[in-house]
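Enquirer: this is a predicted model, with the sequence first.
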Amino acid sequence: MRLVGAWSMGLVAGGLAAGPGAPVSRTVLTMNWFHTLLLLVAAFIAVFVSATFNGLRWVAWAQVDLLPGLMVYAALNGGLVTVTLLAVAGGVLFDSVSANPLGASVLPLFAVGWVLQRYRRLILRTEVVAQWALGLAASAAVPVLTLVILLNSQSPPLLGWLSLWQWVVKALVGAALTPVWFWLFGRLDRALNYRPQTGTSFRPDREIKRGRQ
């Protein structure tokens, strides 16, 4: 699955420009901000699903977290502005429906997104296996970093063997859902972005009639 289009271009909220001093069209800037807006809407939906879907909590005694996988997609296909907005909005929304202090999830999400965004040129972002592995790493790293912050706060969490089991389930579920984000936004990319025609009007069997010189 190739994610090519205006969403992966641009300087504002998209991350890359064509070169130093290269002009960025208004259409590209609009699509990048629209892409960022869609990511923020997806973060709201992800937090809502995580807070209301209790099926896995009853079966596996663990709650899913969809934000790390979404951050993987945003970091590999957006810029630092997109990563920052998603970390702040997603982290605050997640903390508002959980027992975490408000803002405790912002820094872990941003740290994961910043590392991936910085080294994304070295990552095979179009491979499903790579997306799964990155989702596994992000979904495992965010809870650990959040735990470090909570342990240094005034209300440290209660830890036990069940916490280890919940961490494993979160990492595996987040890894499985990360390629879904790439597939979903890939479909939106193909549906909403303008695709220039790559064909040519030249026909190899065309006969060229020449008049007298």
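Expert: Okay, I see it.
Enquirer: secondary structure element for Val88, which one?
Expert: Element membership of Val88, judged by DSSP states H and E, is helix 80-96.
Enquirer: the helix or strand just after that helix packs against which elements?
Expert: For helix 80-96, the succeeding helix or strand toward the C-terminus, using DSSP H and E, is helix 106-118. On a contact count with 3 or more C-beta pairs under 8 Å, 6 or more residues apart in numbering; DSSP states H and E, helix 106-118 meets helix 67-77, helix 80-96, helix 128-151. Where C-beta positions appear, they are placed from N, C-alpha and C, glycine not excepted.
Enquirer: which strands or helices does the shortest one pack on?
Expert: If contacts are counted by 3+ C-beta pairs under 8 Å, 6+ apart, helix 67-77 sits against helix 26-52, helix 80-96, helix 106-118, helix 128-151, helix 161-192.
Enquirer: what are the C-alpha coordinates of the helix holding Val88, in CSV please?
Expert: Extracted in CSV, the C-alpha atoms of helix 80-96 (Å, rounded to 0.1, in the frame of the first residue of the first chain):
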residue,chain,number,x,y,z
LEU,A,80,6.2,17.8,13.7
VAL,A,81,3.2,20.1,13.9
THR,A,82,0.8,17.2,13.2
VAL,A,83,2.6,15.0,15.8
THR,A,84,2.5,17.8,18.4
LEU,A,85,-1.2,18.5,17.9
LEU,A,86,-2.1,14.8,18.0
ALA,A,87,-0.1,14.2,21.1
VAL,A,88,-1.7,17.2,23.0
ALA,A,89,-5.2,16.6,21.8
GLY,A,90,-5.1,12.8,22.1
GLY,A,91,-3.3,12.8,25.4
VAL,A,92,-5.6,15.3,27.1
LEU,A,93,-8.7,13.5,25.8
PHE,A,94,-7.4,10.1,27.0
ASP,A,95,-6.5,11.5,30.4
SER,A,96,-9.9,13.1,30.7
